[in-house]
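**Student:** Sequence and computational prediction follow.
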Amino acid sequence: MSPASGPSLHWLADYRTAMSPIGDQGIRGTCLAWAATAAHEKSVHEQLSVEYLHWACDPPSGGRGTIPALTSALRSKGQPSESQWAYDDLIDEKAPGYAPPSTVVGPFWRANLRRISTGPSDLASELNAGRFPVAAIRVTRAFVKAEKGVVHGSDPGTDGHAVTIVGVAELTRNLGSLSVGERLICARNSWGTSWGTGGLALISETAWHACVMLAFVLEGPVP
């Protein structure tokens with residue numbers, strides 16, 4: 001089974017192709033900026049700068065990679081287009097000169113964060129309302145492997161990570177250890193297209209409830 005295996009799945013919400021190309025964060029801890037940017041782009045219909053958003057989550061506002069910092073950055077600073085400051089997976093963000101280049105002139109798209117339920121039905125409702133949920137999860141061994149584009153198991157995981165939710169499906173027949181009627185959450189990652197199936201993976205309900213910590217959507221644009 002993979003995110004493309006239609007015969008076994010009934011999609012409650014399916015926006016796998018309604019996004020910009022899958023990115024690769026490299027060795028940097030920028031997953032939250034990547035996940036939030038993918039969600040933000042859905043509402044403004046423009047490719048936005050991951051690098052700028054990550055920079056904007058500077059330590060005084062809570063620290064890069066934290067939701068309080070992300071909330072502050074999106075509300076107060078926003079994001080310019082990707083063309084103004086392209087992502088660099090080798091940049092030294094701890095260097096004194098880490099700052100937006102002169103090409104960053106705006107406009108800056110702003111948004112508010114709203115916490116939502118992590119239940120599959122609620123995620124599907126948000127997707128069908130035009131909002132892409134962002135989920136904070138704990139990384140499990142099954143998630144890292146994402147064999148054949150599927151994450152399953154009850155391992156609660158360890159290190160924190162963030163993904164964008166782009167679909168929710170329901171199994172129409174038993175498949176291996178998964179039973180008919182089980183719902184699967186389709187996650188878009190930022191580890192390049194070699195992860196899962198082209199950068200996407202289906203997470204079983206069991207695995208999802210074991211690893212998910214919280215979810216939110218972006219609402220805007222905010223003037």
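**Tutor:** That came through, no problem. Numbers count the residues shown, from 1 in each chain.

**Student:** got the buried residues for stretch 103-116?
**Tutor:** By 16 or more other C-beta atoms under 10 Å, the buried positions in stretch 103-116 come out as 104, 108-111, 113, 116. Glycine gets a C-beta too; all of them are placed from N, C-alpha and C.

**Student:** Please apply the same query to stretch 145-163.
**Tutor:** 146, 149-153, 155, 157, 161-163.

**Student:** ok, so of the residues you listed, who is nearest Gly198?
**Tutor:** Gly198 lies nearest to Gly149 out of these, by C-beta to C-beta, at 8.2 Å.

**Student:** Would you quantify the distance from that closest one to Arg131?
**Tutor:** Distance check for Gly149 against Arg131: by C-beta to C-beta, to the nearest Å, it reads 24 Å.

**Student:** before we move on, what about Val151?
**Tutor:** Separation of Val151 from Arg131 (C-beta to C-beta): 23 Å.

**Student:** So in the protein, where's the weakest helix or strand by average pLDDT?
**Tutor:** Across the helices and strands of the chain, the lowest-confidence element by mean pLDDT, DSSP states H and E is strand 212-222, at a mean of 90.

**Student:** Listing partners with orientation, what would you give for it?
**Tutor:** As defined by DSSP bridges, the strand partners of strand 212-222 come to strand 110-116 (antiparallel), strand 134-138 (antiparallel).

**Student:** Redo those strands as CSV? Include distance to Ala169 and mean pLDDT.
**Tutor:** What follows is the strands paired with strand 212-222, written out as CSV (distance: least, C-beta to C-beta, whole Å; pLDDT from 0 to 100):
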stretch, distance to Ala169, mean pLDDT
strand 110-116, 19, 97
strand 134-138, 16, 97
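
**Student:** got the ones you listed as JSON lines, with distance to Ala99 columns?
**Tutor:** Shown next, in JSON lines, are the strands paired with strand 212-222 (distance: least, C-beta to C-beta, whole Å):
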{"stretch": "strand 110-116", "distance to Ala99": "20"}
{"stretch": "strand 134-138", "distance to Ala99": "26"}
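
**Student:** Relative to Ala38, which of the ones you listed is closest?
**Tutor:** It is, among the strands paired with strand 212-222 and with distance given as C-beta to C-beta, strand 134-138, at 8.0 Å.

**Student:** How far does the next helix or strand along the chain from that closest one sit from its chain's centre?
**Tutor:** Counting by DSSP states H and E, the element after strand 134-138 in chain order, helix or strand, is helix 141-145. Computed by C-alpha atoms, centre = their mean, to the nearest Å, the separation of helix 141-145 from the middle of its chain amounts to 16 Å.
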